[in-house]
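Chemist: coords please:
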Amino acid sequence: MSLAGGSAVTAAAGGGSAAAETGTGSAGGVPKWVYGLAIGVPVTAALLYILFGPDDADKKETKRKKKKDPSSTTSTTTATPTKPSEPAPSKPAEADKPASPATAPTLKKESPAQSPAKNNENPDLPQMPTDPLEKAVALKNRGNKFFRGGRYELAIKSYSEAIDVCPKDKPIDLATFYQNRAAAYDQLENTDSVLSDCDTALNLNNKYVKALDRRAKALRKQAKKIENFSVQIEKLKQCVEDITSVCLLEGFQKQEHLMLVDQVLRELGRAEAALASKSRTPLLPSNNFISQYLESFAEDPINKILKKESEGDIDEKENGVDLSSGFSRAKQCLIEEEFASIIDDCTQEIETDPDTSTAHLARLLRGTFYALRKQQDCAMDDLTILINAGDTVDSKVRVNALVKRASLYIQMCKDPKNDPELSLADFARAAEIDPDNSDIYNHRGQVFLLLEEMNKSIVDFNRAVRLNPNHPIAYAQKLYTDYRCAVMIGDATKVNTVISDFYEAIEKNPKCVENYSLAAQVLNAQEAFKEADALYKKALEVDPKNANLLVHRGLMALQSRGDIEEGVRLIEKALEMDELCEFAYETLGTIEVQKGNLKRAIELYEKAIPLANTELEMAHLFGLRAAATSQITVSQRFGIDLNQRMSGMPGVM
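Modeler: Next comes the predicted model:
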């Protein structure tokens with residue numbers, strides 16, 4: 001998932017993904033390459049926001065609950081060598097799935113020969129046979145009639161009686177009765193009883209798809225009501241295993257179950273990331289990553305100070321700046337790319353006197369590096385202090401803090417419904433303070449792009465370029481957005497114009513890596529693989545420490561030629577260049593999933609997780625790991641060859 005570098009939204013988040021270059025669609029139907037907006041940074045938070053944001057399917061599922069068949073959405077299937085299913089009951093009888101009360105057909109009147117004795121609960125029910133199994137099946141059928149009539153308590157009583165009289169050497173029939181009783185309990189929202197009966201049914205018949213499906217949904221329902229992340233995670237892990245079992249047993253044929261896997265993996269990933277983020281060790285990304293992030297801000301007041309000092313426009317001593325102060329040391333660390341001590345140096349400056357203009361700059365720099373060090377809450381605190389200080393803080397400092405906080409709202413994804421509003425409110429507030437600040441429109445343009453508001457995105461990128469024509473990153477992003485729009489409306493002429501404009505931009509700004517990388521992404525999407533690879537090679541000449549460019553080249557070798565050996569070689573070379581390249585670990589993990597090497601994929605995802613720059617990115621990686629883990633567990637349980645089954649699963653290229 002790669003929007004590599006170029007903005008606070010993308011660069012601080014990390015990124016790239018196997019799907020970014022291959023054109024693989026996301027679970028929600030959004031092509032992942034669409035989000036490839038800038039260069040050189042690992043997995044972007046913005047695409048993850050799409051993947052882990054509010055899910056319309058979840059809302060619709062609740063609304064459909066009472067209309068759907070309460071017993072199961074899985075139809076009975078016939079077992080074959082390639083598509084195993086639950087065995088048929090010993091005595092073929094009425095289907096075990098009760099019909100939905102909302103859609104139940106009108107019951108036919110029993111013939112005189114079948115007329116039952118008088119019954120206070122239902123005078124139309126037939127007499128019971130004397131054979132134990134036949135009696136149990138008849139009781140089950142009676143329960144089904146009660147179920148279809150919405151009389152769930154009576155249905156439960158009938159199913160319980162069927163269980164009591166059924167011979168214990170008929171496990172398949174018993175499993176059916178327990179599953180049907182679970183369906184009735186489900187209608188009464190008795191989740192504990194649903195789980196208990198599904199457990200028993202699966203102990204009797206471990207390939208019972210309906211019981212697996214029902215238990216998965218009940219576990220998910222329970223998990224949503226639990227605030228304790230540890231307990232929630234365990235519930236969701238079992239849910240993932242159950243629904244993965246359903247997919248494997250069905251041969252990955254039913255889209256609704258594949259979608260459910262994806263939805264639960266999102267929820268599990270969020271819960272695991274939330275728990276892990278509380279105790280994770282702060283870790284800075286590579287120097288190359290940090291440098292690209294800082295360069296994405298043309299109006300950053302600290303960058304401007306450093307530029308003036310490097311040009312000799314000011315003399316620090318003449319302006320009364322103590323060269324031994326914390327902030328002066330932090331600036332020197334920026335120049336020398338010795339980033340590790342910057343937070344401590346800034347803290348010393350702030351603690352000396354928090355109300356000086358120098359302390360304000362130190363707080364802005366500290367907040368920036370907290371974000372880069374994956375301490376988003378600390379970053380939020382520093383940026384918010386500056387924003388709320390009003391006119392006591394220089395306007396350029398406040399605007400930069402607003403832009404960075406706006407981006408953090410998207411990266412952190414604490415509240416998927418409200419985060420975009422909070423983000424855009426900060427951008428609007430920044431524009432009121434300094435309407436000619438190009439960073440506002442450059443970074444907001446990317447947020448609009450991610451929110452699929454293309455027209456607003458184009459307006460902002462054009463304004464950013466107009467305000468600061470000497471910032472090539474913004475122009476490269478504008479061209480990429482123009483390309484996106486041209487593809488959406490099917491304007492081939494415009495696509496060719498954008499490609500031509502990219503080459504002109506490269507000639508004008510040959511040191512801007514974004515020009516090469518974004519142009520390469522466009523050419524790759526147009527299947528001009530040779531030309532795209534040539535641009536990636538030129539980008540590496542400009543920025544030889546950019547590991548993500550090698551990952552993109554590796555992905556293109558896989559996509560264009562199916563050359564797995566060359567693709568893996570290039571990605572492993574990226575890790576030799578930058579051992580903190582999360583994009584490389586994630587991509588190798590995805591390749592191993594495709595090859596069927598799930599244990600190796602899990603190892604790679606676990607290496608990527610500590611390198612994730614945001615909780616949102618961590619959630620994505622935890623979800624990938626959970627998908628691979630559940631497939632291993634389930635395939636071993638049922639003796640299924642995953643190489644023939646897994647191509648339909650989420651997370652597979």
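Chemist: give me the low-pLDDT residue ranges for the stretch 51-200 of the chain?
Modeler: Residue ranges of the stretch 51-200 of the chain with pLDDT under 70: 51-127.
Chemist: Please repeat the previous calculation with a cut-off of 50.
Modeler: Within the stretch 51-200 of the chain, the stretches with pLDDT under 50 are 51-95, 99-120, 123.
Chemist: Now name the helix or strand holding I591.
Modeler: Element membership for I591, per DSSP states H and E: helix 582-595.
Chemist: helices and strands around that helix, which ones?
Modeler: helix 18-22, helix 547-561, helix 564-577, helix 598-608, helix 615-638 (3 or more CB pairs under 8 Å, 6 or more residues apart in numbering; DSSP states H and E). Using the backbone N, CA and C atoms, a C-beta is placed for each residue, glycine as well.
Chemist: mind putting those helices in CSV, mean pLDDT and mean neighbour count included?
Modeler: CSV is the format used below for those (pLDDT from 0 to 100; neighbours: other CB atoms under 10 Å):
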stretch, mean pLDDT, mean neighbour count
helix 18-22, 30, 26
helix 547-561, 94, 25
helix 564-577, 96, 17
helix 598-608, 96, 20
helix 615-638, 92, 24
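Chemist: Adding distance to E153 as columns, could you present the ones you listed in a markdown table?
Modeler: As requested, the helices and strands packed on helix 582-595 are exported to a markdown table (distance: least, CB to CB, whole Å):
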| stretch | distance to E153 |
| --- | --- |
| helix 18-22 | 49 |
| helix 547-561 | 58 |
| helix 564-577 | 59 |
| helix 598-608 | 45 |
| helix 615-638 | 35 |
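Chemist: how about the ones you listed, which one is nearest I385?
Modeler: For the helices and strands packed on helix 582-595, proximity to I385 was assessed by CB to CB; helix 615-638 is nearest, at 21.7 Å.
Chemist: the inter-axis angle of the closest one versus helix 582-595?
Modeler: Relative orientation of helix 615-638 versus helix 582-595 (axes from the mean of the first three to the mean of the last three CA atoms, to 10 degrees): 20 degrees.
Chemist: Is it correct that G269 is in contact with A627?
Modeler: No - applying CB atoms under 8 Å, one finds G269 not in contact with A627, separated by 9.4 Å.
Chemist: From the contact counts, what lies against the one helix or strand D197 maps to?
Modeler: Per DSSP H and E, D197 falls inside helix 191-204. Judged by 3+ CB pairs under 8 Å, 6+ apart, helix 191-204 is in contact with helix 171-187, helix 209-224.
Chemist: Now N597. Its backbone dihedrals?
Modeler: phi -90, psi 70 (degrees, to the nearest 10).
Chemist: what's the answer for P469, then?
Modeler: Per-residue torsions, P469: phi -70, psi -10 (degrees, to the nearest 10).
Chemist: Can you dump the C-alpha atoms of the stretch of helix or strand A519 belongs to in PDB for me?
Modeler: In this structure, A519 sits in helix 513-525 according to DSSP H and E. Taking C-alpha atoms only, helix 513-525 is exported to PDB below (Å, rounded to 0.1, in the frame of the first residue of the first chain):
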ATOM      1  CA  VAL A 513      12.700  11.800  -6.500                       C
ATOM      2  CA  GLU A 514       8.900  12.200  -6.500                       C
ATOM      3  CA  ASN A 515       8.900  13.100 -10.100                       C
ATOM      4  CA  TYR A 516      10.500   9.800 -11.100                       C
ATOM      5  CA  SER A 517       8.600   7.600  -8.700                       C
ATOM      6  CA  LEU A 518       5.100   8.900  -9.400                       C
ATOM      7  CA  ALA A 519       5.800   8.900 -13.100                       C
ATOM      8  CA  ALA A 520       6.900   5.300 -12.800                       C
ATOM      9  CA  GLN A 521       3.700   4.400 -11.000                       C
ATOM     10  CA  VAL A 522       1.700   6.000 -13.800                       C
ATOM     11  CA  LEU A 523       3.700   4.100 -16.400                       C
ATOM     12  CA  ASN A 524       3.400   0.900 -14.500                       C
ATOM     13  CA  ALA A 525      -0.400   1.200 -14.300                       C
END
